[in-house]
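>>> Following is a predicted model, sequence given first.
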Amino acid sequence: MTYNEIGDVLVDQDKLPEALKSLRYGLAVGERLTKADPTNAAWLRDLAASYKKIGTMLEGQGNMNEALKSFRDGVAVGDRLAKTDPTDAAWQHDLSLSYNKIGEMLMAQNKLDEAFSGYRNGLAITERLAAADRSDIERQRNLQVSVGRIGDLSYSLILAHNFAKALEAADLAISASPGTILLYTYRARALMFLGRADEARTLYIRYRSENNVQNGKSWESVVFEDFARLRKAGLSHPLMADIEERLRARR
């Protein structure tokens, strides 16, 4: 039984300090092995798994900085493994999850620019996997999840008054899923706060006939709710009243 396997057993027994100790022993072994043979895919895989498990345990203990470092170390190993065997879709997917995990943790720390980098790297992988097999429902779903994370980040960037980065995030999401109409509300919102009112107005009006934008809600409903949320957060713009009037006039 490997140190990682022993660690898993100890976790199941709720012996967390002993489990972390065992996982760190396994990590040390993995680091020595991969240093001796940096191209051994099996050893790289085990090492990346060790970093991920340790990161998960540290996160559970509230040790966010060390957890983040462990996840990042695991991603660095994962990148090496991906280059060693770029055809391994399962590993590529796992790597994308690790990037997204890093993005989540950075979001929680309000490090939005760094979170964007993590989410962008995860999205790049899910895009490649989805494009390689468009009939794979799970891959397409994973792509939409990654796109959704970028969309959520775009809103957080708006709240942080980082409007240029919010637009960059919206455009990245659109490039990955151009048929998702909801994403154009993110782009219009960022354009509005960047002072590009004409472009924002054009977008807000262009999609006003869409009736199923998000969970059965129409374009108007989504826009109205977004504006209400922005105002509640202390963000407003003269264009908002104009757009509301134009959309209501359509009814």
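The structure has been received and is ready for your questions. Numbers count the residues shown, from 1 in each chain.
>>> Grab the nearest non-local neighbour of Arg134.
Gln140 (7.0 Å; Cβ to Cβ, 6 or more residues apart in numbering). From N, CA and C alone the C-beta is placed, and that goes for glycine too.
>>> any idea whether that neighbour is helix, strand or coil?
helix (DSSP: H, G, I helix; E, B strand; the rest coil).
>>> so what's the backbone phi/psi at Lys217?
phi -90, psi 150 (degrees, to the nearest 10).
>>> re the thing from before, residues near the residue nearest to Arg134, how many?
By other Cβ atoms under 10 Å, 15 other residues sit near Gln140.
>>> Return the distance of Asp73 relative to Arg246.
According to Cβ to Cβ, to the nearest Å, Asp73 stands 52 Å off from Arg246.
>>> Between the two, tell me which one has more neighbours.
Asp73 (19 against 14).
>>> Ile181 is in contact with Glu210, correct?
Yes - using Cβ atoms under 8 Å, Glu210 is in contact with Ile181, at 5.2 Å.
>>> anything in contact with each of these two?
Trp219 (Cβ atoms under 8 Å, 6 or more residues apart in numbering).
>>> hmm, back to that, hang on, the residue nearest to Arg134 packs against Ala131?
No - using Cβ under 8 Å, Gln140 is not in contact with Ala131, being 10.1 Å away.
>>> Ramachandran angles for Val154?
Rather than Val, residue 154 is Ser. phi -60, psi -40.
>>> Contacts only, for it.
Per Cβ under 8 Å, 6+ apart, neighbours of Ser154: Ala166, Leu167, Ala169, Ala170, Ala173, Tyr186, Arg189, Ala190.
>>> so what pLDDT did the nearest residue to the third one once chain neighbours are set aside get?
Across the structure, with Cβ to Cβ, 6+ apart as the measure, the residue nearest Ala169 apart from its sequence neighbours is Ser154 (3.9 Å). Per-residue confidence at Ser154 stands at 97 (pLDDT).
>>> if I look at Ser154, how far off is Thr34?
37 Å.
>>> Same question for Lys111.
In terms of Cβ to Cβ, Lys111 sits 29 Å off from Thr34.
>>> and what of Leu44?
6 Å.
>>> Can you give me the buried ones in stretch 108-121?
Leu112, Glu114, Ala115, Phe116, Gly118, Tyr119, Arg120, Asn121 (16 or more other Cβ atoms under 10 Å).
>>> outside of it, which residues touch it?
With Cβ under 8 Å, 6+ apart, stretch 108-121 has contacts from 64, 96, 99-100, 102-104, 106-107, 146, 149-150, 153, 156-157, 160, 162, 165, 168-169, 172.
>>> again, 7 Å this time
64, 99-100, 102-103, 106-107, 149-150, 153, 156-157, 160, 162, 165, 169, 172 (Cβ atoms under 7 Å, 6 or more residues apart in numbering).
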